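In: the sequence and its predicted three-dimensional model are supplied below.
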Amino acid sequence: MRRPPRLWRPSSRFVWASIAGSGLVALPVLALGLTALSPAATSIWPHLVANVIPDALANTAMLLVGVGLLCSLIGVGTAWLVTQYEFPGRRAFEWLLVLPLAIPTYLTAYIYVEFLGFQGPLQTALRALTGYRSLRDYWFPDPRNLAGAIFVMGIVLYPYVYLSVRALFGLQSATIVESARTLGAARGALFWRIGLPMARPALVAGLTLALLETLNDIGATEYLGVRSLTLSIYTTWLNRGSLAGAAQISCVMLVLVVVLIATEARLRGERRFTLSVRQPRAVGRRRLSGRAALATSAICALPLLFGALLPMGFLLQEVLTRGLLQQFDMALLRNLWNALLLSAGAALIVVALGLGIVAAGRLGRETWLPALARIASLGYALPGTVLALGLLVPLAAFDNLVADTVSALFGVNPGLILIGSGAALVIAYVVRFLSIAISGIQSGLARISPRIDDAARALGSSSGEVLRQVHWPLARPAIAAAALLVFVDCLKELPATLLLRPLNVDTLATIVYGHASRGMFEDGALAALLIVIAGLYPAIILARAGGTKR
Amino acid sequence: MIDKTRLSLIALASCLLATPVLAQSVNLYTTREPALLNPALEAFTKDTGIKVNAVFLKDGLQERIKAEGANSPADVMLVVDVGEINAAVDAGITQPVKSALVDKTVPAQLRGAQDNWVTLTKRGRVVVVSKERVKQDAITYEDLADPKWKGKFCIRAGQHPYNNAFFAAYLTHHGAEKTEAYLKALKANTARKPGGGDRDVARDILSGQCDIALINTYYIGLMSTATNEQKGWFEAIKPLKTTFANGGTHVNVSAAAIAKHAPNKDNAVKLIEYMLSEKAQVLYGDGNFEFPVNADVKESAIVKLIGTVTPDKVALTDIAKNRKAAADLVDKAGFDN
């Protein structure tokens, strides 16, 4: 479909948002490129290609395929069930299914190693029942391998797919579905022939987020013993002392990611599915009863059980049995406040920028506007620490410039204003998570036919009015969901927070990590639970606010 | 949409994070976990009136100080690996620690060239075995490659800094060829894929998954005082007197350095001197079951637990130099595969 000619330009505010957002994201990417080209870089490639890359590539590919399949299966499956059927607990499942995302992946990994471990409840019970004494007497699944990593990442990250696909299933035009039913299509055929093809863009959007997070993970994969490409970046940087070499691997990975995403977009072509111009009616849900209803509830309960209830139960048990409630003091409250403030601030900025970027790309005639949106999405395609290292250099250079100028002019040294104030953290969150907002808002707006824009334009609306009066009301659930995702991701964000925060500032995530890194992650259970609760509250608000209204 | 006013409110709110810095203060960048440091830091503030502003970093401490440049608030950096502290010196972000007290307390081989860094505490990397299934009291690192341990040896990832430094020490002793053969033999002995943390090997000994493992000494101490199931892990293991065949125990350090552009240099020296005092060595060293560097501290908690340890003669700086080569050998041997 050719982009129809536009008679007006998007408001300059949107264009500026595009330029600001993509410029901000381009900063660390450029810094990374410069590091990779540094003259100090000795060639690491012969060694890496001979000894590291083949295995790392194979491990990473298997990890991505496994996590991709698991996320799609759980994400699409549960999204279809909660939007198409009525069964006991459906309303609660609709938002509860997002919960696993609120627990940092590496914690879920630690928890499963404990839970399935020798002293975990399952093995203890097994020994009590059988009289076995040690692992020499019996076999028990060990999560410390590729399969374990796929399970953990899949169970934590499927909500990206679920959220994205559910929003689409929920709004599928009743007309299409009813036509199909009139033509005698069974529910199964509806899913395979209409639901799934229409959901493909949303599935790809959600899956992209989940897989990028998998690709860039270091905590869980390293703990579970998976030698991934990202791990080779770390060892090149830390053990071989070659930041330039690490930057080179990161750049290669980034190019691979960009090529993969572009290929998918090309394969999908210009196929787009939009709602009819008329107010879309939602499809009625089919009421299930008896065994079918119970089975459906059980299916939805499974990912929730393994992804959220079990890890949260574990944390809660640690808090209670270890008397961690006494950790609840002013310092912890201050960390909570820091985390909320930084995350909420970043989420607001991310969503505002994301809206501007998406609106400019949609309304603008210039072909470079969608290109800016793509640049602005790059932040999520890099490992968090690499991104933070890339940001460190330009931000510190800016801080030093300001400090030197101010002290030359006024004789007072203000210190490092971005890094010293925590503003650097907000910038890092914005850079890292802008793509989540862009992809969420894009898939929200993609459903609105461009003909609606044209009609509004014909009636004399400005682009700002189109956004406010047409796009906002229709895409609000998607925008709110994007804001929630960004907020929760900021709450859990670790690598950039560790590297860029000012003196004396901690967040919940850094506290949890501090305990984990000295081998006592259980001591961080209270702070970890606070992350979940802080993410849970807005999720409930969101669910009540209308995502579910029909 | 949010307008400019709200944006500036957010900017203002994020400034609320910044804590005002007192006149008498010292700024500490540390890769040591705060819970392990706080008792000694609190005592320092109480005894000297100097407030410690700290930030706990992990990877990238050196890059951050370097990027912050001349306006960096960093006074003292505290890290836990000899390679890391040497890298900081090489990056040119340190300055000599000028203190007669430091020179007197810390032997020269435990200080960097031109006193650019100072050891605060030491830790050994030793072998632990199943108390129940292995009957011996001493072992050499070389013996770990003996095929009799086939399917019984557990270790965290070979690329983890603790193992990286250990393999670098082995490389210094035996050269590249023998080290590669050693790595392959060790790998052949593993009961499971190298991974997890140091404490996990103790659990795996308890469960019967392995009989013999490598672990840092302070973890043995920390597990001995645990109040949860880790107490059981401790009770399942027995530390062996572990040495190189022609040397001592592999030792790594926690070390401190003064940042090149330290705005509170005098206080930085005071903090390092304080960390070397008997009081702080007990609070910081004993609290973490590390070996104190101050010889006046007798009967440290870790010695009571596992006996004295004779550090290997290989110079720490050689270990630091061999890290890259050791990392390459670990890859070549497919150790972590």
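Out: Sure thing, it's come through.
In: drop to CA atoms for contacts and neighbour counts, all remaining ones
Out: Noted.
In: residue 253 sits in which helix or strand?
Out: Defaulting to chain A. Per DSSP states H and E: A:M253 is located in helix A:243-268.
In: chain B was what I was after
Out: Per DSSP H and E: B:V253 is located in strand B:251-259.
In: so where do the strands sit in chain A?
Out: A:85-86, A:286-287 (DSSP state E).
In: mean neighbour count, these: which tops it?
Out: Greatest average neighbour count among the strands of chain A goes to strand A:85-86 (a mean of 18), per mean count of other Cα atoms under 10 Å in any protein chain shown.
In: save the strands of chain A as CSV, and put in distance to A:I176 and mean pLDDT too.
Out: Shown next, in CSV, are the strands of chain A (distance: least, Cα to Cα, whole Å; pLDDT from 0 to 100):
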stretch, distance to A:I176, mean pLDDT
strand A:85-86, 17, 90
strand A:286-287, 16, 86
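In: low pLDDT regions in the stretch 51-200 of chain A?
Out: Low-confidence segments of the stretch 51-200 of chain A (pLDDT under 70): A:171-175, A:187.
In: rewinding a little: could you say what helices and strands the strand holding B:V253 packs with?
Out: Here strand B:251-259 touches strand B:76-79, helix B:82-90, strand B:94-95, strand B:118-130, helix B:265-276, going by 3 or more Cα pairs under 8 Å, 6 or more residues apart in numbering or on different chains; DSSP states H and E.
In: I'd like those as CSV, with mean pLDDT, distance to A:A210 and mean neighbour count appended.
Out: Below are the helices and strands packed on strand B:251-259 laid out as CSV (pLDDT from 0 to 100; distance: least, Cα to Cα, whole Å; neighbours: other Cα atoms under 10 Å in any protein chain shown):
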stretch, mean pLDDT, distance to A:A210, mean neighbour count
strand B:76-79, 96, 34, 26
helix B:82-90, 91, 33, 22
strand B:94-95, 97, 41, 22
strand B:118-130, 96, 38, 25
helix B:265-276, 97, 45, 21
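In: relative to A:R518, how far out is the closest residue to A:V512 other than its chain neighbours?
Out: Using Cα to Cα, 6 or more residues apart in numbering or on different chains and skipping the chain neighbours, the partner closest in space to A:V512 is A:G524 (4.5 Å). Separation of A:G524 from A:R518 (Cα to Cα, to the nearest Å): 11 Å.
In: if we can go back for a sec, now the helix holding A:M253: buried residues?
Out: A:L243, A:A244, A:G245, A:A246, A:A247, A:Q248, A:I249, A:S250, A:C251, A:M253, A:L254, A:V257 (16 or more other Cα atoms under 10 Å in any protein chain shown).
In: center of chain B - which residue?
Out: Geometric centre of chain B, nearest residue: B:V80, 3.3 Å, by Cα atoms, centre = their mean.
In: am I right that it is in contact with B:V251?
Out: No: B:V80 is beyond contact range of B:V251, at 11.5 Å (criterion: Cα atoms under 8 Å).
In: show me the shaky parts of the chain.
Out: The chain I'm using is chain A. Using pLDDT under 70, chain A drops low at A:1-11, A:171-175, A:187, A:269-283, A:542-550.
In: actually chain B
Out: Across chain B (using pLDDT under 70), the flagged ranges come out as B:1-23.
In: okay, strands next: where are they in it?
Out: Under the criterion DSSP E, strands of chain B are mapped to B:25-30, B:51-56, B:76-79, B:94-95, B:118-130, B:138-140, B:153-154, B:212-216, B:237-239, B:241-243, B:251-259, B:291-292.
In: strands paired with the last one, and their directions?
Out: If you go by DSSP bridges, strand B:291-292 pairs up with strand B:118-130 (antiparallel).
In: now do the strand it pairs with and helix B:265-276, the angle between them.
Out: 30 degrees (axes from the mean of the first three to the mean of the last three Cα atoms, to 10 degrees).
In: measure the residue nearest to the centre of chain B to chain A for me?
Out: 12 Å (Cα to the nearest Cα, to the nearest Å).
In: dihedrals phi and psi, A:G89?
Out: Dihedral pair for A:G89: phi 80, psi 0, per degrees, to the nearest 10.
In: neighbours of the spatially closest residue to A:F140 that is not a sequence neighbour, how many?
Out: Spatial nearest neighbour of A:F140, chain neighbours left out: A:Q123 (7.7 Å); criterion: Cα to Cα, 6+ apart. If you count neighbours by other Cα atoms under 10 Å in any protein chain shown, A:Q123 ends up with 21.
In: contact partners for A:Q123?
Out: A:L116, A:G117, A:F140 (Cα atoms under 8 Å, 6 or more residues apart in numbering or on different chains).
In: which parts of the helix ranked longest in chain B are buried?
Out: As assigned by DSSP state H, the longest helix anywhere in chain B is helix B:161-189. In terms of neighbour count (16+ other Cα under 10 Å), helix B:161-189 has its buried residues at B:161-173, B:176, B:179-180, B:182-189.
In: check the burial of A:T130 by counting its neighbours.
Out: Using other Cα under 10 Å: A:T130 sits among 9 other residues.
In: that one and B:K298, how far apart?
Out: Distance, A:T130 to B:K298, using Cα to Cα: 49 Å.
In: on that earlier part again, quick one: neighbours of the residue nearest to A:V512, just the number.
Out: 24.
In: how about the nearest residue to B:L144, chain neighbours excluded?
Out: Ranked by Cα to Cα, 6+ apart and with sequence neighbours excluded, the top spatial neighbour of B:L144 is B:L186, at 6.6 Å.
In: hang on, isn't that neighbour packed against B:E142?
Out: No: applying Cα under 8 Å, one finds B:L186 not in contact with B:E142, separated by 9.5 Å.
In: what touches both of those two?
Out: Joint contacts of B:L186 and B:E142 (Cα under 8 Å, 6+ apart) do not exist.
In: ok, the closest residue to A:V226 other than its chain neighbours - contacts?
Out: Using Cα to Cα, 6+ apart and skipping the chain neighbours, the partner closest in space to A:V226 is A:L146 (5.9 Å). With contact taken as Cα under 8 Å, 6+ apart, A:L146 is in contact with A:N59, A:L63, A:L224, A:G225, A:V226.
In: mind running it again at 10 Å?
Out: When the contact criterion is Cα atoms under 10 Å, 6 or more residues apart in numbering or on different chains, the partners of A:L146 are A:N59, A:T60, A:M62, A:L63, A:G66, A:V152, A:T221, A:L224, A:G225, A:V226, A:R227.
In: for B:F291, same thing?
Out: B:120-124, B:217-218, B:251, B:253, B:281-282, B:285, B:297, B:299-303, B:308-309.
In: same question for A:L530.
Out: Contacts of A:L530 (Cα under 10 Å, 6+ apart): A:A102, A:L332, A:L333, A:L336, A:L491, A:L508, A:A509, A:L536.
In: any idea how far A:E213 is from the closest residue in space to A:V29 that isn't next to it in sequence?
Out: Using Cα to Cα, 6+ apart and skipping the chain neighbours, the partner closest in space to A:V29 is A:G390 (6.6 Å). Using Cα to Cα, one obtains 18 Å as the distance from A:G390 to A:E213.
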